[in-house]
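Chemist: Give me coordinates for this.
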Amino acid sequence: MSRINTNIPALNAFHRLARNQDDLALRLHRLSTGLRINRGADDPAGLIASERLRSDIRGIRQAIDNSSRASNVITVAEGALNEASALLLDLQALVVATANEAGLNEEEVNANQLQVDSILASLNRIANTTTFAGRKLLDGSRSYLVSGVPPVALPTVELFAVQLPSSGSRTVTVKVTQSALTATVALVGTNTTGISTTSATVVEIKGKPGSQLLSFGAGTTLDTIRLAVNNATAITGVSAVVSTAGIAGVASALVLSSTAVGADAFVSVSPISGNLIESGNVNTTIRGVGREAAVLIDGQQTLVRGLHADVRTAGLDARFALTRGFAQTLSSASFTITGGGSIFQITPLVNPSGRIDLGINPISTTHLGTAATGWLYTLQSGGGNDLAGGNFSTAQAIVDEAVQQVAVARGRLGNMQRNQIDPNINSQKVALENVTASESLIRDADIAVEVSALTRAQILVQSTQNTLRVANSLPTSVLSLLSG
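Modeler: You can find the predicted model right below:
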């Protein structure tokens with residue numbers, strides 16, 4: 001090496017020193033931040049994947065927070081419904097207690113009515129004051145808005161969850177494809193005069209509400225038997241008519257029918273002694289059962305019990321009360337859901353499949369009960385079904401319906417919390433763990449690797465510094481040529 005203007009070894013050593021110092025700075029940066037990727041240049045593809053995963057992580061964490069808040073809302077509403085249920089049970093006891101008319105004086109009846117009034121006021125207070133984050137839950141503001149409901153077909157519509165389209169409205173069609181039937185038993189007579197028995201007869205008439213023994217003397221006419229059966233209708237749930245339409249080739253018949261429709265309705269005629277009707281009805285029990293209506297709601301098969309139809313699909317969870325005339329006719333009815341309800345976003349994806357739609361129906365006394373049975377507010381003082389009026393059977397039926405409505409609301413909320421929200425929280429937590437692990441694998445620094453690389457970089461920097469010092473000293477060897 002005899003050139004002094006250009007020191008190639010020094011340039012090489014300087015270049016290597018710069019690269020080693022950059023590597024040392026990189027290791028120090030990663031160790032100080034704990035991240036392998038601190039800028040796009042560190043790993044462009046990895047940065048893109050990592051940012052996408054970070055977006056997923058933020059969405060999942062928010063979905064967990066949303067689910068927890070939804071669970072809190074439902075817990076508050078269900079707690080209030082629990083108190084309402086307890087009040088309704090107390091109300092039921094008061095109705096039964098007051099029905100014991102012979103054992104109560106007027107002051108006691110008035111005292112019971114005072115308690116009824118207090119319970120009704122408490123129910124209205126719960127409905128109007130149960131709130132979460134300043135928003136009322138049980139006053140109807142969280143229920144769905146409907147229009148065009150035909151009362152002659154659908155006296156009561158309870159909507160628990162509805163997925164509304166972007167237009168904000170939806171038409172629901174209820175179609176009866178098989179009519180509901182009462183339970184019917186036809187007992188044929190022997191002639192146009194309707195003479196029924198040739199000897200004394202004792203028969204048990206039984207229906208869903210209860211049974212009654214009836215006794216008839218020899219020669220009792222069908223019309224007399226009809227009157228006896230109808231006098232016991234409140235006990236048996238069975239009514240009777242005399243038909244002259246020529247059933248089974250006979251001029252007259254006694255037709256017994258249940259007052260209710262559906263598979264639970266039945267009529268049982270059991271002769272205890274003698275023959276109820278002379279021709280063809282010898283000592284054997286005759287039993288007839290009703291038939292449920294077949295109802296399609298927006299083309300979906302429903303669960304029908306008597307005059308109630310329940311549908312549970314991904315887009316519609318509802319319960320409908322049917323009028324008897326509608327259930328026993330092949331016809332259809334429709335109405336429109338125009339809005340309302342509540343939406344809980346419980347997944348990171350903001351779309352219909354990632355949310356829960358919920359409607360909470362009001363529990364005020366003007367909404368508990370049905371149009372057919374009566375409304376709960378009629379039990380207050382001066383109402384059509386107050387205790388002083390003595391309409392205890394009607395009052396009890398109204399309270400029974402109210403208890404059922406509150407129980408159904410609690411059950412739907414509990415089902416949503418247990419089978420939808422809680423599992424969603426658990427699944428989102430599992431997803432959060434896995435996605436976070438994936439993001440960490442891409443972006444986080446491996447400390448052991450970085451410490452090892454740091455040690456290597458430190459050694460290389462020190463060695464290249466010494467090498468550069470040696471390379472810089474090489475041109476001084478030229479002086480030995482001058483001194484010679």
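Chemist: At the geometric centre of this structure, which residue do we find?
Modeler: Central residue check for the chain by Cα atoms, centre = their mean: the C-alpha nearest the mean position is that of residue 412, 3.8 Å away.
Chemist: Now that one: which helix or strand?
Modeler: helix 392-416 (DSSP states H and E).
Chemist: one step back: separation between the residue lying closest to the residue nearest to the centre of the chain once chain neighbours are set aside and residue 142?
Modeler: The shortest distance from residue 412 to any non-neighbouring residue, by Cβ to Cβ, 6 or more residues apart in numbering, is to residue 160 (4.9 Å). The way it works is simple: take the backbone N, C-alpha and C, and place the C-beta from them, glycine included. Per Cβ to Cβ, to the nearest Å, residue 160 is found 11 Å from residue 142.
Chemist: ditto for residue 292
Modeler: Distance of residue 292 to residue 142, given as Cβ to Cβ: 32 Å.
Chemist: the strands in the stretch 1-150 of the chain, which residues?
Modeler: Using DSSP state E, counting those that start in this stretch, the strands found in the stretch 1-150 of the chain span residues 131-132, 135-136, 144-147.
Chemist: and among those, the most buried is which?
Modeler: With neighbours defined as mean count of other Cβ atoms under 10 Å, the strands of the stretch 1-150 of the chain peak in mean count at strand 144-147, which reaches a mean of 17.
Chemist: Sheet partners, orientation included, of the helix or strand following that one?
Modeler: Per DSSP H and E, strand 144-147 leads on to strand 156-162 as the next helix or strand towards the C-terminus. Using DSSP bridges, the strands paired with strand 156-162 in its sheet are strand 316-321 (antiparallel).
Chemist: sorry, back to before: just put the strands of the stretch 1-150 of the chain in CSV and tack on distance to residue 419.
Modeler: Formatted as CSV, those follow (distance: least, Cβ to Cβ, whole Å):
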stretch, distance to residue 419
strand 131-132, 21
strand 135-136, 24
strand 144-147, 21
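Chemist: Out of the ones you listed, which is closest to residue 377?
Modeler: For the strands of the stretch 1-150 of the chain, proximity to residue 377 was assessed by Cβ to Cβ; strand 135-136 is nearest, at 19.2 Å.
Chemist: How about residues contacting the closest one?
Modeler: 128-130, 141-142 (Cβ atoms under 8 Å, 6 or more residues apart in numbering).
Chemist: Neighbour count added to those residues, as CSV?
Modeler: Formatted as CSV, the contacts of strand 135-136 follow (neighbours: other Cβ atoms under 10 Å):
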residue, neighbour count
128, 15
129, 12
130, 20
141, 12
142, 20
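Chemist: Tell me which stretches of the stretch 151-300 of the chain form helices.
Modeler: Under the criterion DSSP state H, counting those that start in this stretch, the stretch 151-300 of the chain contains helices at 222-231, 233-236.
Chemist: quick one: which of those is nearest residue 215?
Modeler: helix 222-231 (8.8 Å).
Chemist: list the buried ones in that closest one?
Modeler: For helix 222-231, a neighbour-count test (16 or more other Cβ atoms under 10 Å) marks 222, 225-226, 228-229 as buried.
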